[in-house]
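Enquirer: no letters, just coordinates:
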Ligand code: 5GP
């Protein structure tokens, strides 16, 4: 298969992602998509590799030196993207401050979309500094809470955020609009505009 780098939409390769969501995704209620078979539990590394390539293509030319994500499901995608961007370091925010984090850390509150709980996400001050120009990557973009928490951590460090990338965006939950209003560049590879009667519609 030829991978397009010219497509205005998500690229030929990202049709693979949409097809996979339709084939293997499971709709829960009206707002949650379960993609445990290739992204959130079992990982299809070949697909994640192409996803990373597409993020690198979309954010090409930006002065990014590090990728910031959140555990656990953002990590694989962030690593694939980092390799396609020249083996950048990946930092993931932790959802609970471990006892090993004995040095200073930045902390931000984050409301979990799937668990409906508020948690504090943390990053060691060793790994985020004002010298950093970050790309934020995550698996899903729903209400934008996780991305905003990561952007908050970046702000505390004095780091720059050049862009935010999501593998799957559920546009009807408003997160990307919120992030764009805050001035962030957002790129989502599969944008779901509605979920009705178990039927997923893409933009
Ligand atoms: P947000 O913070 O934008 O509201 O939601 C994004 C976060 O919640 C992501 O880190 C992701 O783990 C989780 N999430 C949001 N929507 C979904 C979904 O439909 N399916 C899954 N598996 N996770 C989701």
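Expert: Structure's in. What do you need? No experiment lies behind these values; they were computed from the predicted model shown.
Enquirer: need phi/psi at the closest residue to residue 175 other than its chain neighbours.
Expert: Nearest-residue entry for residue 175: residue 144, 3.1 Å, with adjacent residues in sequence omitted and distances by C-beta to C-beta, 6 or more residues apart in numbering. The C-beta positions use only the backbone N, C-alpha and C, and glycine is treated the same way. Residue 144 has phi and psi values of phi 90, psi 10 when expressed as degrees, to the nearest 10.
Enquirer: for this protein, which segments count as helices?
Expert: For the chain, the helices defined by DSSP state H occupy 12-24, 45-58, 74-84, 145-157, 175-181.
Enquirer: make TSV out of the ones you listed and add mean pLDDT.
Expert: Below are these laid out as TSV (pLDDT from 0 to 100):
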stretch	mean pLDDT
helix 12-24	91
helix 45-58	97
helix 74-84	98
helix 145-157	98
helix 175-181	97
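Enquirer: how about the ones you listed, which one is nearest the ligand?
Expert: The ligand lies closest, by C-beta to the nearest ligand atom, to one member of those: helix 145-157, at 3.4 Å.
Enquirer: packing partners of the closest one?
Expert: For helix 145-157, the contact count by 3 or more C-beta pairs under 8 Å, 6 or more residues apart in numbering; DSSP states H and E identifies strand 66-70, strand 90-93, strand 105-111, strand 118-124, strand 133-141, strand 160-170, helix 175-181 as packing neighbours.
Enquirer: now it, how far from the centre of its chain.
Expert: Taking C-alpha atoms, centre = their mean, to the nearest Å, one finds the center of helix 145-157 at 13 Å from the center of the full chain.
Enquirer: that one vs helix 74-84, what angle?
Expert: 60 degrees (axes from the mean of the first three to the mean of the last three C-alpha atoms, to 10 degrees).
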